[in-house]
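Undergrad: Attaching a predicted model along with its sequence, questions to come.
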Amino acid sequence: MSEPVPILMYHSIARSPNDATRALSVAPEAFAEQMALLDDRGFTPVDTARLATSWRSGGPLPARPVLITFDDGYEGVHRHGLSALAKHGFASTLFVSTGWIKGAYDTGAGLDTMLDWDQVRELAEAQVEIGGHSHTHPQLDQLSDDTLWFELLRCKEIIAAELGARPVSFAYPYGYSSRRVRRTVREAGFAQSLAVGNGLARRRQGPYALQRVTVRRSTGIEEFERLVEGRAIARNFARDRALTKGYAMVRRARQVRRKAIRSRV
């Protein structure tokens with residue numbers, strides 16, 4: 001039986017984040033300390049594609065595997081994160097919302113200072129797998145089929161055009177998905193996808209619902225060590241899970257109403 005693997009979910013790395021990103025940001029010094037702890041404890045970071053490929057094929061993973069993932073595409077991942085990752089030779093995965101990256105496809109909706117495509121390319125050249133995170137970062141399970149397909153395919157085609165390679169990994173914006181969303185992500189050509197869940201990733205979750213644990217600005221080094229060691233995760237995220245369950249009921253009710261309205265038209 002495959003051992004569970006911690007998948008760490010980061011967003012912004014910034015000294016002075018804005019209000020919109022503060023809670024899910026980490027300070028550069030904290031990120032550097034967290035990377036040093038992973039190294040000291042003998043963890044081996046791998047990217048999302050390698051973990052999923054290994055679990056799909058039954059192939060080996062290195063000792064004490066861990067995933068370091070970043071969502072959205074904040075500029076601090078390049079400014080502060082890249083040097084800390086390079087210092088330890090760590091692999092990672094960046095999931096970009098292509099409409100938030102500065103450049104020709106920018107919708108102007110990014111929540112803080114975002115990466116540009118030159119920076120994304122530099123990250124890709126430095127052991128950072130670039131994955132998809134939709135085009136405009138919507139709640140995918142609330143979209144019509146046509147809009148869902150647009151979000152996935154537009155994201156995929158932009159990354160392929162900018163980097164010269166199609167992304168194979170995806171992360172659901174806000175962590176929200178459904179059976180329909182997961183099926184469509186697979187049919188759009190992504191080989192694996194990450195949710196949130198705030199639990200350790202396990203092979204039995206399947207390649208399209210792998211769980212991650214959230215690293216926040218409030219995550220101290222002792223708590224971080226407990227997260228990567230898989231201790232007290234349920235207690236740490238009890239409030240998050242309760243809120244997630246409640247909001248899931250609201251989203252399902254919205255879906256039922258939309259289907260009923262469409263059936264009457």
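TA: Now that the structure is in, tell me what you want to look at.
Undergrad: C-alpha from now on. contacts and neighbour counts both.
TA: Noted.
Undergrad: Assess the claim that Tyr176 and Asp141 are in contact.
TA: Yes - using Cα atoms under 8 Å, Tyr176 is in contact with Asp141, at 6.5 Å.
Undergrad: and Glu162, helix, strand or coil?
TA: helix (DSSP: H, G, I helix; E, B strand; the rest coil).
Undergrad: count of residues packed around it?
TA: 13 (other Cα atoms under 10 Å).
Undergrad: Next one: it relative to Gly76, how far apart?
TA: 20 Å (Cα to Cα, to the nearest Å).
Undergrad: again, but for Ala14
TA: 6 Å.
Undergrad: Only C-alpha atoms, please: export stretch 84-98 in CSV.
TA: The C-alpha trace of stretch 84-98 is given here as CSV (Å, rounded to 0.1, in the frame of the first residue of the first chain):
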residue,chain,number,x,y,z
ALA,A,84,14.9,29.1,-1.8
LEU,A,85,13.9,26.2,-4.0
ALA,A,86,17.2,26.3,-5.9
LYS,A,87,19.2,26.4,-2.7
HIS,A,88,17.9,23.0,-1.8
GLY,A,89,17.5,21.6,-5.4
PHE,A,90,13.8,21.2,-4.8
ALA,A,91,11.2,20.5,-7.5
SER,A,92,7.8,22.1,-7.3
THR,A,93,4.6,22.8,-9.3
LEU,A,94,3.1,26.2,-10.2
PHE,A,95,-0.6,26.2,-11.2
VAL,A,96,-1.3,29.4,-13.2
SER,A,97,-4.6,31.1,-13.9
THR,A,98,-3.6,32.3,-17.4
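Undergrad: Show residues contacting that stretch.
TA: 31-32, 35-36, 39, 44-48, 67-73, 105-106, 126-137, 155, 158-159, 170-171 (Cα atoms under 8 Å, 6 or more residues apart in numbering).
Undergrad: and the biggest strand by length in the chain, which strands flank it?
TA: If you go by DSSP state E, the chain has its longest strand at strand 65-72. If you go by DSSP bridges, strand 65-72 pairs up with strand 7-10 (parallel), strand 44-45 (parallel), strand 92-96 (parallel).
Undergrad: need those strands in a markdown table with mean neighbour count and mean pLDDT, can you?
TA: As requested, these are exported to a markdown table (neighbours: other Cα atoms under 10 Å; pLDDT from 0 to 100):
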| stretch | mean neighbour count | mean pLDDT |
| --- | --- | --- |
| strand 7-10 | 24 | 98 |
| strand 44-45 | 22 | 98 |
| strand 92-96 | 27 | 98 |
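Undergrad: could the ones you listed go into a markdown table alongside distance to Met114?
TA: Below are the strands paired with strand 65-72 laid out as a markdown table (distance: least, Cα to Cα, whole Å):
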| stretch | distance to Met114 |
| --- | --- |
| strand 7-10 | 14 |
| strand 44-45 | 24 |
| strand 92-96 | 10 |
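Undergrad: closest to His80 out of those strands?
TA: Among the strands paired with strand 65-72, the nearest to His80 by Cα to Cα is strand 7-10 (12.8 Å).
Undergrad: Mind checking what helix or strand follows the closest one in sequence?
TA: Where DSSP states H and E defines the elements, the next helix or strand beyond strand 7-10 is strand 12-13.
Undergrad: same for that next one, what does it pack against?
TA: Counting contacts by 3 or more Cα pairs under 8 Å, 6 or more residues apart in numbering; DSSP states H and E, strand 12-13 is packed against strand 25-26.
Undergrad: Quick check: what element follows the strand it packs on along the chain?
TA: In N-to-C order, the element after strand 25-26 by DSSP H and E is helix 28-40.
Undergrad: where's Val213, which helix or strand?
TA: Short version, using DSSP H and E: Val213 is in strand 210-214.
Undergrad: what packs against that strand?
TA: Secondary elements touching strand 210-214 (3+ Cα pairs under 8 Å, 6+ apart): strand 7-10, strand 192-197.
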